[in-house]
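J.: predicted model, plus sequence, below.
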Amino acid sequence: MIRINEINLSLDEDEALLKAKAAKILKINEKYIKTLTIYKKSVDARKKDNVHFTYSVDVTIALDENQIVSKCKSNKVSCVKPYKYEIPESKRTSQFRPVVVGFGPAGMFAGLILAQAGLRPIVFERGKDIDARQKDVNEFWTKRKLNEESNVQFGEGGAGTFSDGKLTTGIKSPFIRKVLEELYEAGAPEEILYSSKPHIGTDRLAIVVKNIRKKIESLGGEVKLEHKLERLIVANNFVHGITYSHNGELFDMETDSVILAIGHSARDTVEMLYNMGVEIIQKPFSVGARIEHPQSLINKAQYGKFANHPKLGAADYKLACHGLHERGAYTFCMCPGGTVVAAASEKEGVIVNGMSSLARDGENANSALLVGIDPVDFPSDHPLAGIYYQREIENTAFKLAGSDYRAPAQLVGDFLQGKPSKEAGSVNPTCPTGVTYTSLDECLPSKVSKTMKSAIIEMDKKLNGFNMYDAVLTAPETRSSSSVRILRNEFLQCNICGAYPCGEGAGYAGGIVSAAVDGIKCAHAVLDDEHY
């Protein structure tokens, strides 16, 4: 197979032209191209007067491919082998079924790989199935009644289910392709296989998550919803089982392998593991707010005169800056045409996040504007101090906004001038539980607030209109990543043998794809474990 990079098409050209352009680069007649598939597609908007698409394509030809590549003498062309995931041979001799705790991206893919390997895993998820979970979330958003076991953080699909379903990642791994192929097979749009910025959308994610669960079950695995891990059963520093709760009752189950894909919000589970002697350390995390602009402003800033072209859709952005003698600030999980999400999982705490549907057709764009928090900023050197710090910020925001799960909000212009906001301007906030206009200086750490103010001014130089006076900041965003890391060794086990800390909650991932990849890696570690 031959891969050809950097084929450009204007916004008005049809993708049918790719075959002819590929043939021209290869210096062969188009009739010799047997197949052509898009490997990568991206928008090149660096020059606002020439916004266009750039493609990488894979072709098979009815000629000697190595000879053709050698003759065309182009650094854009190379021979590649098609990717094919292969499950490692299982070295396990144990007769016990492995357990996976958590059914977010890490737990889903750990469970799926173990099921495909024939190990019939049992997955425990404390929250409800996706349909019941959506009802609980909607009740929270409309009536402000929080269910601490079924919410934006807990339930089938994990926290990523109520998000943009963004599949971009900074990691490099051959397993990324496996993740994308499984998501596509489960109902995600085909474009995730080749888009440079793939996303599923929260509306489609519900279908995908349900189908992955059904696939695990069809392969002999079990997914036990509304089943919560209460403790590990440990003897001689080895896992011998788990205790879990269901409908108010406690049950024990024998197992010797537990993948702990608990998610970044299972604070009670982290505390349980810490109290059992599991080695946990502090980890940097980020704090900030969601910033909302009119999507039309972002489109114009990114695409210029092409802003309304039907092939482009809603524009996104990714910004970062480092002021002199200041900590860095950056945008994260930008949701084009999306909404701000009320994402609380604990009583008397306010948290926000963002999400988009597949269509990304909302009036506003929103993104997290975050500032890094280092362990030196934590209130103590306790391993869980970051959790307590997050909770303190969330509790303060809850009280500041009226103690009813509305979120504190402020106009960007007022925030920059240091004066409380009193009402909305031209941008209507989308947080579903509502907002209370106030001063975010009262709930965000001073270093965070100060850095955000300088960052907004600097980022406006990169994206015109970012410092729009009426843009809305809604706070706090505290759950972009875990504030702890559960230590693990080269076999991906913690200091208790047979327990595998996994994914974002364990401090080893930072998004849907990286968490899913870590789930695959932990499943492989279970397959490779032969010491029982």
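T.: Looks like it came in fine.

J.: output the contacting helices and strands for the helix or strand where Glu271 lies.
T.: Per DSSP states H and E: Glu271 is located in helix 267-275. Applying 3 or more CB pairs under 8 Å, 6 or more residues apart in numbering; DSSP states H and E, we find helix 267-275 packed against strand 228-235, strand 280-282, helix 385-400, strand 484-486. The C-beta positions use only the backbone N, C-alpha and C, and glycine is treated the same way.

J.: now do the SS call for Glu89.
T.: coil (DSSP: H, G, I helix; E, B strand; the rest coil).

J.: excluding chain neighbours, what is closest to it?
T.: Using CB to CB, 6 or more residues apart in numbering and skipping residues adjacent in sequence, the residue nearest Glu89 is Leu527, 7.6 Å away.

J.: close enough to count as contact, that neighbour and Ala117?
T.: Yes. Here Leu527 reaches Ala117: they are 5.7 Å apart, a contact under CB atoms under 8 Å.

J.: so what's in contact with these two at the same time?
T.: By the contact definition CB atoms under 8 Å, 6 or more residues apart in numbering, Leu527 and Ala117 are jointly contacted by 87-88, 90.

J.: and which of these is nearest Lys172?
T.: Of all those, the one with the least separation from Lys172 (CB to CB) is Pro88, at 19.5 Å.

J.: give me the below-cutoff pLDDT ranges for the stretch 301-450 of the chain.
T.: 323-327 (pLDDT under 70).

J.: before we move on, back to that, to Pro476, which of the helices and strands packed on helix 267-275 lies closest?
T.: Set against Pro476 and scored by CB to CB, the helices and strands packed on helix 267-275 come closest in helix 385-400, at 5.1 Å.

J.: for Ser245, what are phi and psi?
T.: Main-chain torsions, Ser245, degrees, to the nearest 10: phi -120, psi 150.

J.: contacts only, for it.
T.: 227-228, 230, 251.

J.: what does the helix holding Glu271 rub up against?
T.: The contact list for helix 267-275 (CB under 8 Å, 6+ apart) reads 101, 229-232, 260, 262, 280, 346, 383-384, 387, 391, 484, 486, 505.

J.: in the protein, which spans are helices?
T.: Using DSSP state H, the helices found in the chain span residues 18-26, 65-72, 105-116, 130-143, 175-185, 202-218, 267-275, 295-303, 385-400, 412-417, 446-460, 512-527.

J.: got TSV for those, with mean neighbour count too?
T.: Formatted as TSV, the helices of the chain follow (neighbours: other CB atoms under 10 Å):
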stretch	mean neighbour count
helix 18-26	17
helix 65-72	14
helix 105-116	30
helix 130-143	16
helix 175-185	19
helix 202-218	20
helix 267-275	18
helix 295-303	21
helix 385-400	20
helix 412-417	20
helix 446-460	19
helix 512-527	27
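
J.: CSV please, covering those helices and showing distance to Asp470.
T.: Shown next, in CSV, are those (distance: least, CB to CB, whole Å):
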stretch, distance to Asp470
helix 18-26, 43
helix 65-72, 54
helix 105-116, 36
helix 130-143, 24
helix 175-185, 37
helix 202-218, 26
helix 267-275, 36
helix 295-303, 10
helix 385-400, 21
helix 412-417, 7
helix 446-460, 13
helix 512-527, 32
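
J.: which one, of these, ends up nearest to Val43?
T.: Smallest distance to Val43 across the helices of the chain (CB to CB): 8.3 Å, for helix 295-303.

J.: can you tell me the closest non-neighbouring residue to Glu477?
T.: In space, Glu477 is closest to Ala368, 4.7 Å off (CB to CB, 6+ apart).

J.: returning to what we had before: roughly how far apart are the residue nearest to Glu89 and Ile216?
T.: For Leu527, the distance to Ile216 (CB to CB, to the nearest Å) stands at 16 Å.

J.: got it, and Glu149?
T.: For Glu149, the distance to Ile216 - CB to CB - is 22 Å.

J.: can you check Phe251 too?
T.: From Phe251 to Ile216 the distance is 21 Å (CB to CB).

J.: try Gly107
T.: 10 Å.

J.: overlap in contacts of those two?
T.: Joint contacts of Gly107 and Ile216 (CB under 8 Å, 6+ apart) are Val123.

J.: roughly how far is stretch 431-448 from the heart of the chain?
T.: Remark: stretch 431-448 is offset 24 Å from the chain centroid, using CA atoms, centre = their mean, to the nearest Å.

J.: what does stretch 438-452 give?
T.: Taking mean C-alpha positions (CA atoms, centre = their mean), stretch 438-452 and its chain are 25 Å apart.

J.: CA atoms of that stretch as PDB?
T.: Taking C-alpha atoms only, stretch 438-452 is exported to PDB below (Å, rounded to 0.1, in the frame of the first residue of the first chain):
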ATOM      1  CA  THR A 438     -20.800  37.700  40.400                       C
ATOM      2  CA  SER A 439     -17.000  38.000  40.600                       C
ATOM      3  CA  LEU A 440     -15.000  34.800  39.800                       C
ATOM      4  CA  ASP A 441     -12.100  36.200  41.900                       C
ATOM      5  CA  GLU A 442     -14.200  35.100  44.900                       C
ATOM      6  CA  CYS A 443     -14.100  31.400  43.900                       C
ATOM      7  CA  LEU A 444     -10.900  30.900  41.900                       C
ATOM      8  CA  PRO A 445      -7.500  30.800  43.500                       C
ATOM      9  CA  SER A 446      -5.800  34.200  43.100                       C
ATOM     10  CA  LYS A 447      -3.000  32.800  41.000                       C
ATOM     11  CA  VAL A 448      -5.500  31.200  38.600                       C
ATOM     12  CA  SER A 449      -7.600  34.300  38.300                       C
ATOM     13  CA  LYS A 450      -4.500  36.600  37.700                       C
ATOM     14  CA  THR A 451      -3.100  34.300  35.100                       C
ATOM     15  CA  MET A 452      -6.400  33.900  33.300                       C
END
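
J.: list of residues touching that stretch?
T.: Contacts to stretch 438-452, defined as CB under 8 Å, 6+ apart, come from residues 287-289, 323, 326-329, 369, 371, 373, 377, 393, 396-397, 400-401, 408-410, 414-415, 418-421, 473, 475-476.

J.: next: stretch 293-304.
T.: The contact list for stretch 293-304 (CB under 8 Å, 6+ apart) reads 45, 48-49, 51, 307-309, 312, 314-317, 336-337, 362-366, 426-427, 463-466, 468, 471.

J.: the longest strand out of those in the chain - contacts with which helices or strands?
T.: Counting residues, the longest strand found in the chain (DSSP state E) is strand 33-44. Packing contacts for strand 33-44, counted by 3+ CB pairs under 8 Å, 6+ apart, involve helix 18-26, strand 52-61.

J.: what angle sits between the last one and helix 18-26?
T.: This points to strand 52-61. Here the directions of strand 52-61 and helix 18-26 differ by 70 degrees (axes from the mean of the first three to the mean of the last three CA atoms, to 10 degrees).

J.: residues contacting strand 52-61, please?
T.: Contacts for strand 52-61 (CB under 8 Å, 6+ apart): 1-11, 18, 22, 26, 28, 32-44, 68, 80, 82, 311.

J.: quick one: strands adjacent to that strand?
T.: strand 2-10 (antiparallel), strand 33-44 (antiparallel) (DSSP bridges).
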